[in-house]
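A.B. asks: heads up, no residue letters with this:
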Ligand SMILES: NC(=O)c1ccc[n+]([C@@H]2O[C@H](COP(=O)([O-])OP(=O)(O)OC[C@H]3O[C@@H](n4cnc5c(N)ncnc54)[C@H](OP(=O)(O)O)[C@@H]3O)[C@@H](O)[C@H]2O)c1
């Protein structure tokens, strides 16, 4: 029996950190050995995450990159954006594999990062070597990577349905792609704010950062890389009063008329993907909750050259921790489904 791969989770007390811990319990080849928190260092992990009671016996420690590098083989960084940037370099230089769930290594251009995150990127050369971790699209690069920039939750929900149509060359790049996406409150992290605490969000629904959300440049960057042409994307995110899930609707301009049958067959590219399910009718957040699935559907419209695409993901799983584990499995050459699908589900 081989030694398990030693895992550290930096920012273990947040929503995505907790989700990594939940999912990794069912992974046969890894052991979480180190967990960090700044607010609660030196306290038991399960004091902050009581739902894991009896499953972990770890003490939270404050984050020191050298210590993390010494204790672990692979590190999940689950910190707020801008907090990972410096530390990741120490970890990569120590020869560790790193999967960063924040936005710090997603945007390839340091100038774009500075524009949207208000901070000069201090690691432009490392940024160049980071691999964008949308598993279904960049699998072979991820397998070779040391630093994976795990995608944002909205970009995951939008890009997965769009990708087959870009790849097939069906996008009309002279018209705008319109994306409408509704996210559960956990997308904003564990710390409540004036907009996200219960009394504000319950029985309410509101759009925010209309046309100017930080995930927009990430979505546009990937559309450009896949389609090879710059287009314009209009993106409106909404807060949905549920804990988890993102329901995305994409209005996609096509450069030719495509029948419903042809639209559906374009999704055949995902035929062998374990975590992409094609559904008839609208995807439903309830059907992906807690899972790494991305449910996708496509609809022809009366409008001549326009299709409607829809997807549903759990923002904390396929939109964050689940996709990060999927990426770890690819990096390590393991079955992608490990830790994410009960063995009984494997064909
Ligand atoms: N939530 C989602 O749906 C989602 C989806 C995709 C990507 N992401 C990204 O994943 C990252 C984590 O998101 P989250 O929702 O899990 O956030 P969160 O719930 O706010 O948790 C943040 C974590 O970072 C720790 N932390 C905060 N400031 C720190 C600092 N200066 N140094 C070290 N640790 C610090 C916190 O620890 P203490 O408070 O215990 O000190 C906590 O464990 C973010 O970059 C987010 O954008 C989130």
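C.D. replies: All right, it came through fine. What you see is a predicted model, and the numbers here were worked out from it, not measured in a lab.

A.B. asks: Give the buried residues for stretch 126-133.
C.D. replies: By neighbour count on 16 or more other Cβ atoms under 10 Å, the buried set for stretch 126-133 is 126, 127, 130, 131, 132, 133. From N, CA and C alone the C-beta is placed, and that goes for glycine too.

A.B. asks: Over to that stretch now: how far is its first residue from its last?
C.D. replies: 15 Å (Cα to Cα, to the nearest Å).

A.B. asks: Also stretch 22-34?
C.D. replies: 15 Å.

A.B. asks: So for it, mean pLDDT?
C.D. replies: Averaging pLDDT along stretch 22-34 gives 97.

A.B. asks: and if you look at stretch 70-89?
C.D. replies: Across stretch 70-89, the average pLDDT comes to 96.

A.B. asks: returning to that earlier point: can you tell me which of the buried residues of stretch 126-133 is closest to residue 225?
C.D. replies: residue 132 (8.3 Å; Cβ to Cβ).

A.B. asks: What residues are recorded as beta-bridge partners of the closest one?
C.D. replies: In this entry, residue 132 is beta-bridged to residue 149, by DSSP bridges.

A.B. asks: How confident was the prediction at it?
C.D. replies: Value for residue 132, per-residue pLDDT: 98.

A.B. asks: With residue 138 as the reference, measure out to it.
C.D. replies: Using Cβ to Cβ, to the nearest Å, we find residue 132 at a distance of 6 Å from residue 138.

A.B. asks: repeat for residue 119
C.D. replies: Taken as Cβ to Cβ, the span from residue 119 to residue 138 is 25 Å.

A.B. asks: So for those two, which sits in the more crowded spot?
C.D. replies: residue 138 (19 against 12; other Cβ atoms under 10 Å).

A.B. asks: quick one: contacts for that one?
C.D. replies: 131, 132 (Cβ atoms under 8 Å, 6 or more residues apart in numbering).

A.B. asks: Which strand or helix spans it?
C.D. replies: helix 135-144 (DSSP states H and E).

A.B. asks: Could you check that helix against the ligand for contacts?
C.D. replies: No: judged by Cβ under 6 Å from any ligand atom, helix 135-144 stays clear of the ligand, getting no closer than 14.0 Å.

A.B. asks: Enumerate the positions of that helix that are buried.
C.D. replies: Quick answer for helix 135-144 (16+ other Cβ under 10 Å): 135, 136, 137, 138, 142.

A.B. asks: Report all helices and strands that the helix or strand residue 217 falls within contacts.
C.D. replies: In this assignment (DSSP H and E), residue 217 forms part of helix 215-227. Applying 3 or more Cβ pairs under 8 Å, 6 or more residues apart in numbering; DSSP states H and E, one finds that helix 215-227 contacts helix 110-117, helix 153-167, strand 233-239.

A.B. asks: Between helix 153-167 and the next helix or strand after the shortest one, find me the angle.
C.D. replies: Right, strand 233-239. Per DSSP H and E, the first helix or strand lying C-terminal to strand 233-239 is strand 246-253. Between strand 246-253 and helix 153-167, the angle comes out at 30 degrees (axes from the mean of the first three to the mean of the last three Cα atoms, to 10 degrees).

A.B. asks: For strand 246-253, give the mean pLDDT please.
C.D. replies: Here the average pLDDT along strand 246-253 is 98.

A.B. asks: and it, what does it pack onto?
C.D. replies: helix 153-167, strand 177-183, strand 306-313.

A.B. asks: which of those is buried the deepest?
C.D. replies: Counting by mean count of other Cβ atoms under 10 Å, helix 153-167 has the highest mean neighbour count of those, with a mean of 25.

A.B. asks: What residue in the chain comes nearest to the ligand?
C.D. replies: residue 14 (1.9 Å; Cβ to the nearest ligand atom).

A.B. asks: mind listing what that residue touches?
C.D. replies: Contacts of residue 14 (Cβ under 8 Å, 6+ apart): 78, 79, 189, 190.

A.B. asks: Any of those buried? List them.
C.D. replies: Counted by 16+ other Cβ under 10 Å, the contacts of residue 14 give 78, 79 as buried.

A.B. asks: Close to the ligand as well: tell me which of the contacts of residue 14 qualify.
C.D. replies: Near the ligand, by the rule Cβ under 6 Å from any ligand atom, you find 78, 79, 189, 190 out of the contacts of residue 14.

A.B. asks: Need the max-distance pair from those residues.
C.D. replies: Top of the distance list for these (Cβ to Cβ): 79 and 190, 12.2 Å.

A.B. asks: any idea how far residue 45 is from residue 281?
C.D. replies: For residue 45, the distance to residue 281 - Cβ to Cβ - is 41 Å.

A.B. asks: Show me what from the stretch 1-150 of the chain comes close to the ligand.
C.D. replies: 11-17, 37-40, 63, 78-81, 83, 101-102.

A.B. asks: Assess the claim that residue 339 and residue 27 are in contact.
C.D. replies: Yes: counting by Cβ atoms under 8 Å, residue 27 is a contact partner of residue 339 at 3.4 Å.
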